[in-house]
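**Q** Here is a sequence together with a model predicted from it:
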Amino acid sequence: MIVDKINIYLTDGRIDVPEQILDDVSRITRLNFEAQFGLPREDDNTLRLSAIGKCIRQLAYKAVGATANGKKMDSRSFVTFYMGNATETAIIGLISLAGIKLVSTGDNQKNVKIKGISGHPDGIVEIGGVKYLLEVKSMTSYGFSDFEKGSIDDSYKYQINAYMSALGLDKCIVVALNKEAGVLGERVYEIDHNIVEYIKRRIDILACVTEDTLPDRPYAPNETGFYPWQCLYCAYHNTCLPDAEKVLVGKAYKLKQKKGA
């Protein structure tokens, strides 16, 4: 639907880019550049719908205001976030150039809420008289291959269902870019009301959590003592897993339970 129209535009239908689109792209690119590479903003403990599918114990640490004691933002992280936002800006511009009706994007994104938790969907498109939530993602070749087979990370799945519910929409189009090959793909997802109810239960749990009532850890070490990658990339892993240590395996670090722990 969307990707076909973008490809047709790029190969057979290119036009002089309207000033409005150029202005939008320029403005959002500037804001993105400043946000990622300018003076750091103060961290806050605000929960957001974009993260509602992450480890619930990680979210609980954030909700109670725990001090981050694990994975920190490094230079690679800042560049990765910038490129993800730049991808979103470029694809949204291309969607407009391809003649698809598109609203609530960039700095005009809607602020939606579920039980007081806010989120900012990438946009809303209208195709054939039907409105869809639009989400744009950049992926590695590995992730893109899974995406084409119909697999999507749980954190994305929860995010798009939260946004669909908050917007009163039944369908979402996820447009993905294979950032290593420059290939675009798309999939349509319908709202899953069971996931929406699960999200609401999560929010209820997080609204009442204290340092003494943290949710159980959803992740455990495997038979060789290694924790999943999500734990290593958590900002609170040293607090959550004091009996774990970083070990070098090949060319990458992994989090492993200490012997005797």
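**A** Received it, and whenever you're ready, just let me know what you need.

**Q** residue contacts, Ile173?
**A** By C-beta atoms under 8 Å, 6 or more residues apart in numbering, the contact list for Ile173 reads 1-2, 125, 132-135, 186-188. For every residue, glycine as well, the C-beta is placed using N, CA and C.

**Q** All the strands of the stretch 1-150 of the chain, in order from the start?
**A** Along the stretch 1-150 of the chain, the segments classed as strands by DSSP state E, counting those that start in this stretch run 101-103, 112-114, 117-119, 123-127, 130-139.

**Q** out of these, deepest packed?
**A** Comparing these by mean neighbour count (mean count of other C-beta atoms under 10 Å), strand 130-139 comes out on top with a mean of 21.

**Q** packing partners for that strand?
**A** With contacts taken as 3 or more C-beta pairs under 8 Å, 6 or more residues apart in numbering; DSSP states H and E, strand 130-139 sits against helix 75-97, strand 123-127, helix 154-167, strand 171-178.

**Q** Contacts for it, please.
**A** Where contact means C-beta under 8 Å, 6+ apart, the residues beyond strand 130-139 that reach it are 83-84, 87-88, 91-92, 95, 102, 105, 121-126, 147, 156, 159-160, 163-164, 167, 169, 171-179, 188.

**Q** what mean pLDDT does it have?
**A** When the per-residue pLDDT values of strand 130-139 are averaged, the result is 96.

**Q** same thing with stretch 218-227?
**A** In this model, stretch 218-227 carries a mean pLDDT of 95.

**Q** start to end distance for that stretch?
**A** Distance between the two ends of stretch 218-227: 11 Å, counting by C-alpha to C-alpha, to the nearest Å.

**Q** tell me which residues of it are tucked away?
**A** Counting neighbours by 16 or more other C-beta atoms under 10 Å, one finds that the buried residues in stretch 218-227 are 219, 221, 225-227.

**Q** And stretch 56-74, by the same measure?
**A** 56-63, 66, 68, 70-71.

**Q** Can you flag which of those belong to helices?
**A** In this view, these that belong to helices under DSSP state H are 56-63.

**Q** what about the closest residue to Thr89 other than its chain neighbours, neighbour count?
**A** With sequence-adjacent residues excluded and distances taken as C-beta to C-beta, 6 or more residues apart in numbering, Thr89 is closest to Ile28, at 4.9 Å. By the criterion of other C-beta atoms under 10 Å, Ile28 has 21 neighbours.

**Q** CSV for the buried residues of stretch 56-74, including distance to Asn238 and pLDDT?
**A** Shown next, in CSV, are those (distance: C-beta to C-beta, whole Å; pLDDT from 0 to 100):
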residue, distance to Asn238, pLDDT
Ile56, 18, 96
Arg57, 13, 96
Gln58, 13, 96
Leu59, 17, 96
Ala60, 16, 97
Tyr61, 11, 96
Lys62, 15, 94
Ala63, 18, 93
Ala66, 11, 92
Ala68, 9, 90
Gly70, 5, 92
Lys71, 9, 89
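
**Q** ok, of those residues, which one's closest to Leu241?
**A** Using C-beta to C-beta, Gly70 comes nearest to Leu241 of these, at 8.7 Å.

**Q** pretty sure that closest one contacts Pro242?
**A** No. Gly70 is not in contact with Pro242 according to C-beta atoms under 8 Å; the separation is 11.1 Å.

**Q** quick revisit: JSON lines for the strands of the stretch 1-150 of the chain, including distance to Ile52?
**A** Listed next are these as JSON lines, based on distance: least, C-beta to C-beta, whole Å:
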{"stretch": "strand 101-103", "distance to Ile52": "24"}
{"stretch": "strand 112-114", "distance to Ile52": "8"}
{"stretch": "strand 117-119", "distance to Ile52": "7"}
{"stretch": "strand 123-127", "distance to Ile52": "19"}
{"stretch": "strand 130-139", "distance to Ile52": "14"}
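
**Q** Thank you kindly, that will do.
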